[in-house]
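> Build me a structure from this.
(one chain, ligands or ions: 2)
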Amino acid sequence: MSDPNPIEVRKVAEADFPTEYGHFRIYGFAGRRGDYTEDSVAVAMGDLQAPEPLLVRIHSQCLTGDVFHSLRCDCRAQLELALETIGAEGRGMVIYEAKEGRGIGLLNKLRAYELQDAGADTVEANEQLGFEADLRGYEMPGAILHSFGIKAVRLMTNNPEKIAAMENVGIQVTERVPCNAVRSRHSARYLKTKKKRFGHLLEL
Ligand SMILES: Nc1nc2c(ncn2[C@@H]2O[C@H](COP(=O)(O)OP(=O)(O)OP(=O)(O)O)[C@@H](O)[C@H]2O)c(=O)[nH]1
Ligand SMILES: [Zn+2]
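Ligands and ions are numbered 1, 2, ... in the order given. Okay, the predicted model is just below:
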């Protein structure tokens, strides 16, 4: 069923983007639905219009992991794996969505860490703060893919909800590409909770 109130996205910038992982283009997107606004970035390489399904990673912002290389989670390692895989294949896209802490925001995520240090798991910590376990809906990544005319993807994820969300917005997922990054002992409990409470497709 199509969304009666879809988010509208507008490409506001596109530029050359050489990285350690290969030579990409970077795109800035502004999203709007009524008063709600959301900004996202996409980095991509290769022919996006080719008929073969595009390798896509939807990465949710994680300042602690992405910038500080925190070992509490596997976000940074997953981002690197995605960029490396796309660089090696020569075609694909990472959509970096501004959904810090699964949508609760940076400071609330740090409050959740505090509760986790006192014994709560990631889900319980969110609930103790008055939030659902996961506030992400992936409308913006879906709208970005549509704006490129992309209809079919090979989605790099372990999260079945992301696959369902893409199918819901009319993007066909022809294949799930596992996103199993190198793990540290610090993230063992976090990953166990992802598998147990969110049904992530992880071999632990
Ligand atoms: N609320 C909360 N968010 C967290 C915590 N640790 C990481 N995150 C956020 O979780 C998001 C990443 O989601 P994950 O559940 O790790 O993985 P995923 O994107 O759902 O699934 P994959 O595609 O398989 O990686 C990022 O926005 C992180 O900031 C935490 O302890 N609490
Ligand atoms: Zn993280």
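
> When you work out contacts or count neighbours from here on, use the C-alpha atoms and nothing else.
OK.

> Which strands or helices does the helix ranked longest in the chain pack on?
If you go by DSSP state H, the chain has its longest helix at helix 75-89. Contacting helix 75-89 under the criterion 3 or more C-alpha pairs under 8 Å, 6 or more residues apart in numbering; DSSP states H and E are the following elements: strand 54-60, helix 63-66, strand 92-97.

> Nearest to A44 among those would be which one?
Among the helices and strands packed on helix 75-89, strand 92-97 comes nearest to A44, with 4.2 Å by C-alpha to C-alpha.

> How about the secondary structure of A120?
coil (DSSP: H, G, I helix; E, B strand; the rest coil).

> Would you mind listing what in this structure touches ligand 2?
C62, G65, C73, C75 (C-alpha under 5 Å from the ion).

> On the pLDDT front, check the last one for me.
What it means is C75. At C75, the model reports a pLDDT of 96.

> where does this protein have low pLDDT?
Filtered on pLDDT under 70, the chain yields the residue ranges 1-4.

> the helices in it, which residues?
Going by DSSP H, the chain shows helices at 63-66, 75-89, 106-117, 122-128, 139-147, 160-168, 188-198.

> gap between the two ends of stretch 61-81?
End-to-end distance of stretch 61-81: 15 Å, with C-alpha to C-alpha, to the nearest Å as the criterion.

> follow-up on the earlier one: okay if I get the residues of the chain next to ligand 2 as a markdown table plus neighbour count?
Formatted as a markdown table, those follow (neighbours: other C-alpha atoms under 10 Å):
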| residue | neighbour count |
| --- | --- |
| C62 | 25 |
| G65 | 18 |
| C73 | 22 |
| C75 | 21 |
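
> Taking those residues together, which two end up most distant?
C62 and C73 (9.0 Å).

> residues contacting the residue nearest to D47 when sequence neighbours are not counted?
Nearest-residue entry for D47: R91, 6.7 Å, with adjacent residues in sequence omitted and distances by C-alpha to C-alpha, 6 or more residues apart in numbering. Contacts of R91 were listed using C-alpha atoms under 8 Å, 6 or more residues apart in numbering, and they are A44, M45, G46, D47, L48, L54, L55.
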